[in-house]
Each structure stands twice: as C-alpha cells, then as structure tokens.
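Peer 1: Pasting a predicted model and its sequence here:
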Amino acid sequence: MNCFCRRISLAAALIAVSVLICSRAGAEQVMIYYSGDGEESVFTVSLDEIKARNDVIRTVDPNFKEDGLTEFSGISLKRLLALDHIPYEKGLTVVGHDQYIGFVSPSAIKSGSVIAACKMNGDEVPKGKGGPIKIVYSEEPDMPISAYTWYVDTLYAG
C-alpha cells in the first residue's frame, strides 16, 4: 500500500470514529460548538434538560402536512444558546444524526420562532418524524422545507 492510500484509509477511519461518537451522543444530548475570545468551546445539553423546558410552537410541519396543526415543545434556540451565553449573530449550523446540515439565521433565532423540539402533541417526537430532537419553526418565518433538521445532535454557532 502506498503512502497516499494509507492517508485515505486513515481519513476514512477518522470519519467512521466521528460518526460513531455522534451517533452515541445523538440519542442523549446536543453538543454546541462555538468560538469566544479566540477559543473554541463546547457546551453540552442533555435531552432531559431540553424536555424540562416548555417553549411551544403550534404549526404545520411541512414534512408531515397530513398531521395538521401540531404542538411542538422543547427549548427555543435563543434560550438554548443563552444558557451558556453563546452568541448567534452569525447564525447557527445544525447537524443531524444522519449528517444532514441545516442553517438557522440570526433573525430566526432572535425572534424566538425556532425551537429544538423533543415533544409533539405531548409525546416524544418519534424517530420516524425526526426525533428525538428536531428543529421546528413557527409559521411566521415561512422557512423552506430544507430548513427543518431532524435527529439533531450537533450545533455550530458562529
């Protein structure tokens, strides 16, 4: 095996390890990465902490219109970031357990019109509908369907 092939194999192994770590974290916590004062920081929030909050949005999920008006509860991204004084002026990149990537604008965060939802009509969000944690918007921002990230386990601020 030449040097180039070994580097590719090592890179593939590192990616596999990264995915494994995220998949273990996805069911129990959300990790928020951000830069502050020139330093990288990580803030972790457990699923239980998110469940303890009661920010509510009533909306029709564009991925499941047949469900009609649905009540989602969890924590607003504005409140979530405020728990550790995390700035959101550059927006928030959201990564799902399935490696799907979405972006939440600073204006949506500031308005409080987007939440990390873990409950749907009082029950846990089922995996088939994006659970245990999914990003949900109120109807006001008129977000595209691609902005709804499911299986959330990682957030990048800034």
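Peer 2: Looks like it arrived, so ask away.
Peer 1: Any stretches of the protein with poor pLDDT?
Peer 2: 1-27, 36-37, 141 (pLDDT under 70).
Peer 1: all strands in it, in order from the N-terminus.
Peer 2: 29-36, 39-46, 55-59, 70-76, 92-96, 101-104, 114-120, 123-124, 134-137, 152-157 (DSSP state E).
Peer 1: okay, those strands in JSON lines with mean neighbour count next?
Peer 2: Bear in mind the C-beta positions are built from the backbone N, C-alpha and C, glycine included. Output for these, formatted as JSON lines (neighbours: other CB atoms under 10 Å):
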{"stretch": "strand 29-36", "mean neighbour count": "18"}
{"stretch": "strand 39-46", "mean neighbour count": "12"}
{"stretch": "strand 55-59", "mean neighbour count": "16"}
{"stretch": "strand 70-76", "mean neighbour count": "21"}
{"stretch": "strand 92-96", "mean neighbour count": "21"}
{"stretch": "strand 101-104", "mean neighbour count": "16"}
{"stretch": "strand 114-120", "mean neighbour count": "24"}
{"stretch": "strand 123-124", "mean neighbour count": "11"}
{"stretch": "strand 134-137", "mean neighbour count": "24"}
{"stretch": "strand 152-157", "mean neighbour count": "22"}
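Peer 1: Residue 84 is nearest to which of the ones you listed?
Peer 2: strand 39-46 (4.2 Å; CB to CB).
Peer 1: contact partners of that closest one?
Peer 2: Identification of contacts with strand 39-46 by CB atoms under 8 Å, 6 or more residues apart in numbering yields 28-35, 75, 80, 83-84, 86.
Peer 1: and that strand, C-alpha only, in CSV?
Peer 2: What follows is strand 39-46, C-alpha atoms only, in CSV (Å, rounded to 0.1, in the frame of the first residue of the first chain):
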residue,chain,number,x,y,z
GLU,A,39,-11.0,30.0,22.0
GLU,A,40,-13.1,27.0,20.8
SER,A,41,-15.7,25.9,23.4
VAL,A,42,-18.2,23.1,23.7
PHE,A,43,-21.4,23.2,25.6
THR,A,44,-23.5,20.1,26.1
VAL,A,45,-27.2,19.9,26.9
SER,A,46,-28.9,16.7,27.7
